[in-house]
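Novice: Next one to model:
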Amino acid sequence: MGFLKYWAQLFLLPVYGVSFITPRSKKIWLFGSSFGKRFADNPRYLYLYVSQMESCEERPIWISKDKQIVDFLKQNHLEAYTYRSWKGIYYCLRAGVYLFDNYSKDISFWLSGGAKKINLWHGTGNKKINYDNKFDKLRHPKNNWERFKNFLITISNEKPSHYILATSEMMGDIFSSAFAVPRNHIIVDGYPRNDVLFSQCEIKPVYTKKEEAAVSTIRGLKQQGAYIIFYLPTFRDSEKMFFEAMDLVVFNQFLKDNEMVFITKLHPKSKLKEQFEMVSYSNIQNMDTDIDTYSVLGFADMLTTDYSSIHTDFLMLNRPSVLFTYDLDEYSKDTRECYFDYDSYMPELRTYTMKEFMDGIASVRNQDNCESGRVELRSKMFSYVDCKASERLVKKIRRIVEK
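Specialist: Residues are numbered from 1 along each chain as shown. Here you go, the predicted model:
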């Protein structure tokens, strides 16, 4: 079905050709995220910055496949259109800049021909990605059939002409290889989504109803003196072992005894969504996967995760993390290769059983011995540790547009 879906787009190739010659404005910037299905991540926060700052002369427009997202943004006096609406098509052909976090099809690949394309990406971590990942069949086809089958998918993915955001010079070298773009097409700066982790951030939050409710709940818990622990795991086949590794009755009692609240939020691709939604304990709460992580991450006193790159962003706050890798053997069999040796890369305490996890949380809360390692890793992963990424990026994008 997926094969036929992509090959049906063959008829759009002439449209793509026309999109190279339509007149485009340097002042119209389009934003999109997650294949047009979410209002999230780096594009969300840069879009809000450009929309809210009077010093910005650009016209920011959000393009989405989801009408509910468009309606929500319009209700908040922000400009947005669905990608198949007449206005959506018009601005996709008129915009001089496309800003996204996966590929230009987050907005509309087939109408993007003449625009400058800037990939803000969605994570700085240790797992090899894209062309660096030898198990990636799209970028490393094994035979002519795989090349033929995936032809239309690959042409709508990243291109050497795209610009890629990387968070440090070291990550810039890595991303140049991973995305197969020249090093001078790497923009080194912070992630706009991390701006909002700092209290001095100028971006005013715009919350969905779900996010508003989550923020209100967490603020209430903190006012009551609760210690907030976020659990943000990555998705993988072996994540189902979480419920085998955990006795939630015992774990909940541990949390109650220590006045802690454990808030879980799964990756949007997780297959355990329904199981986590059924969890009902006094000190274990589940957050909807549709909620943008960065609208709530700053409230966490401690992060618990596994192999997720969310740990890297949490370094910005210099707060403790505890890793829970209950499925290490199973995960290691299917995992991608890493850029760095895991033991030297990860400074935080690692645990493998529920008892170790509980003991680790209690120990790290009492005495955080990993700060020096965290700060050292942060200096490698981020060239900037502040809330000014959006401000700097706007200036850098303007220079790119003028080339």
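
Novice: What spatial separation is found between Gln75 and Tyr294?
Specialist: Computed as Cβ to Cβ, to the nearest Å, the Gln75 to Tyr294 distance reads 21 Å. Glycine gets a C-beta too; all of them are placed from N, C-alpha and C.

Novice: repeat for Asn144
Specialist: 42 Å.

Novice: now Pro192
Specialist: Relative to Tyr294, and taking Cβ to Cβ, Pro192 is found at 9 Å.

Novice: Please apply the same query to Ser199.
Specialist: Separation of Ser199 from Tyr294 (Cβ to Cβ): 14 Å.

Novice: Please say which of the two ends up with more neighbours.
Specialist: Tyr294 (22 against 7; other Cβ atoms under 10 Å).

Novice: Can you give me the distance of that one to Ser309?
Specialist: Relative to Ser309, and taking Cβ to Cβ, Tyr294 is found at 13 Å.

Novice: same question, Leu46
Specialist: Note on Leu46: its distance to Ser309, by Cβ to Cβ, is 19 Å.

Novice: With Asn286 instead?
Specialist: Distance from Asn286 to Ser309, by Cβ to Cβ: 21 Å.

Novice: Equivalent analysis for Asp173, please.
Specialist: Distance from Asp173 to Ser309, by Cβ to Cβ: 17 Å.

Novice: Between these two, which is the more surrounded one?
Specialist: Shown here are Asp173 and Ser309; by other Cβ under 10 Å, Ser309 has more neighbours (17 against 13).

Novice: I'd assumed Gly123 was in contact with that one.
Specialist: Yes - under the criterion of Cβ atoms under 8 Å, Ser309 makes contact with Gly123 at 3.9 Å.

Novice: check contacts around the spatially closest residue to Pro160 that is not a sequence neighbour.
Specialist: Of all residues not flanking Pro160 in the chain, Val181 sits nearest, at 5.3 Å (Cβ to Cβ, 6 or more residues apart in numbering). By Cβ atoms under 8 Å, 6 or more residues apart in numbering, Val181 lies in contact with 158-164, 175.

Novice: can you rerun that using 7 Å?
Specialist: With contact taken as Cβ atoms under 7 Å, 6 or more residues apart in numbering, Val181 is in contact with 160, 162, 164.

Novice: Could you do Ile164 as well?
Specialist: By Cβ under 7 Å, 6+ apart, the contact set of Ile164 is 119, 121, 175, 179, 181, 185-187.

Novice: can you list those in JSON lines and add secondary structure?
Specialist: JSON lines is the format used below for the contacts of Ile164 (DSSP: H, G, I helix; E, B strand; the rest coil):
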{"residue": "Asn119", "secondary structure": "strand"}
{"residue": "Trp121", "secondary structure": "coil"}
{"residue": "Phe175", "secondary structure": "helix"}
{"residue": "Phe179", "secondary structure": "coil"}
{"residue": "Val181", "secondary structure": "coil"}
{"residue": "His185", "secondary structure": "helix"}
{"residue": "Ile186", "secondary structure": "strand"}
{"residue": "Ile187", "secondary structure": "strand"}
